[in-house]
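Student: Need a 3D model of the following:
(4 chains)
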Number of protein chains: 2
Amino acid sequence: MPATIKDNTKLFKALSDPNRLRILKMLQTKSLCVCEITEVLKLATSTVSKHLSILRYAGFVIEQKEGKWVNYLINPKPPDQRISSVLSTLDFWIADDNSIISDKQKIQNIDRNIVCGR
Amino acid sequence: MPATIKDNTKLFKALSDPNRLRILKMLQTKSLCVCEITEVLKLATSTVSKHLSILRYAGFVIEQKEGKWVNYLINPKPPDQRISSVLSTLDFWIADDNSIISDKQKIQNIDRNIVCGR
DNA sequence: CTTATATTTCGTTTACTAACGAAGTGATAT
DNA sequence: ATATCACTTCGTTAGTAAACGAAATATAAG
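Tutor: Numbering: from 1, shown residues only, chains lettered A, B, ... in the order given. Model (predicted):
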């Protein structure tokens, strides 16, 4: 099966949004559910869900259902060598800008039972 | 100087357009002027010029004036390690899809003195 | 110096993407 | 069963990006 134009751009499109980069860097620290990410990014739940579906479709993350929660995590078996390469050297590709540093601090003290459900 | 959000996305945004990927892969073979690229991509000259300015701003290419022509080439001294990494393994990051294979054939037989000026 | 050629910049239209809230789905808790 | 919580999907709006042609700039040629 030959490569397509879409294959070539999909990877980069997924990485072209600052909120998606923030999500990837957060998931590097630990897996998170949608409402935890929503709390940190201060976006609508539906927006975060959409970002996650784009990251998932591109192959960067996978989802794991856990009761009423859906946990997202860095894909341990990426479908593409380029994705593996980016994920294994994420700090090289995505620098720790101010928002990312701030995000990392926030997810330390987050408890989904408190943050979610309000 | 700390990294900014824009720094993080600029690289990937530049690589998010199929025509810009085609340009990079063409320049990998040889340096080209705007009207040669225009001929291959079948776009308006102004559109190609814009794509090249985006690639230049991101650090992927540089320009060299040669009389009435402006030659574009892969940046031999990229300002960013990530750019260097992408450029040195361009075939890993950008697969040879049908359009790219076709482009490479076309630029073999192109003569700017014939193609430009009509 | 005027004309022609190569390219860039500008203004506009069109297409895409991100954001939101509302409605729908599925699981848990009462 | 019904209500609640987490999430997704849908429809809409707003902002962004790509495309074009026309006008401006710069260099080469006559």
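Student: show me where chain A has strands.
Tutor: Using DSSP state E, the strands of chain A run over A:32-33, A:61-66, A:69-74.
Student: average model confidence for the first one?
Tutor: In other words, strand A:32-33. Taken as a whole, strand A:32-33 has an average pLDDT of 97.
Student: So it, near DNA strand C or not?
Tutor: No: interface with DNA strand C: strand A:32-33 contributes nothing (C-beta under 7 Å from any atom of the strand), its closest point being 12.2 Å away. All C-beta atoms are positioned from the backbone trio N, CA, C, and that covers glycine.
Student: who does that strand pair up with?
Tutor: strand A:69-74 (antiparallel) (DSSP bridges).
Student: Run the contact check for the strand it pairs with versus DNA strand D.
Tutor: Yes: Strand A:69-74 reaches DNA strand D (C-beta under 7 Å from any atom of the strand) through A:Trp69, A:Val70, A:Asn71.
Student: Tell me the buried residues in that strand?
Tutor: A:Asn71, A:Tyr72, A:Ile74 (16 or more other C-beta atoms under 10 Å in any protein chain shown).
Student: tell me which residues form a beta bridge with the last one?
Tutor: This points to A:Ile74. In beta-bridge terms (that is, DSSP bridges), A:Ile74 pairs with A:Val61.
Student: Touching, A:Asn8 and B:Ser99? I think so.
Tutor: No: A:Asn8 is beyond contact range of B:Ser99, at 9.4 Å (criterion: C-beta atoms under 8 Å).
Student: higher neighbour count, the two?
Tutor: A:Asn8 (24 against 18; other C-beta atoms under 10 Å in any protein chain shown).
Student: residue contacts, that one?
Tutor: Contacts for A:Asn8 (C-beta atoms under 8 Å, 6 or more residues apart in numbering or on different chains) come out as B:Pro18, B:Leu21, B:Ile94, B:Ala95, B:Asp97.
Student: I'm done for today, thanks for sticking with me.
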